[in-house]
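Trainee: Here is the input, now give the coordinates:
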Amino acid sequence: MYKYFLECFQKYLSLYSAEFAADERLLTLLVPLYGLTNISTYESWKLSSDLRYYEASNLVYRMLHDESLPGELKELGGAFLVNGCDAVPAGPGTFAEETVQGQLKLIYAMLTRDPLEESSEEETAPEETPEQADPGKKADEDDAIELDMEKN
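Mentor: Sure, this is the predicted structure:
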């Protein structure tokens, strides 16, 4: 699962790099994922007590302990542990819940949605406005990616 996530992460970065770079909120969502996809970066953050280490570790913790999350995220959380990441819960108010939920939604989308299919759908659906087709929309918008919380 870890290797699959790495592939998905790279695919999303290569396809949507311009959208990610242009949207400060998306960059905020992506930051801890860089550590989760590169263990040496993660270890460097850990050794220096960098806030990004705690943010990434909190995501792993949430994946493992939030019963409402889909099975894919739980499985990925276990894969992160096996690959050297920690599951450290953040204290209340340490990270905005909206940001954590956005990060989990982004990870879930990377795991379950084929961005190449999305690109071809966008090409065949010209009636969509650019903001509807934009993969970089804010995670809290009404039409944002929804996690299937019933799925386990």
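
Trainee: Figure out the helix or strand that the residue nearest to Thr112 when sequence neighbours are not counted lives in.
Mentor: In space, and not counting its chain neighbours, Thr112 is closest to Glu72: 6.3 Å by C-beta to C-beta, 6 or more residues apart in numbering. Every C-beta, even on glycine, is put in place using the N, C-alpha and C of the backbone. Taking DSSP states H and E as the definition, one finds Glu72 inside helix 71-82.

Trainee: Please pull up the helix or strand immediately following that helix.
Mentor: Downstream of helix 71-82 (by DSSP H and E), the next one is helix 97-112.

Trainee: Surely the residue nearest to Thr112 and Arg113 touch.
Mentor: No - if you go by C-beta atoms under 8 Å, Glu72 and Arg113 don't touch, sitting 11.3 Å apart.

Trainee: okay, these two: which has more neighbours?
Mentor: The neighbour comparison of Glu72 against Arg113 (other C-beta atoms under 10 Å) goes to Glu72, with 20 against 14.
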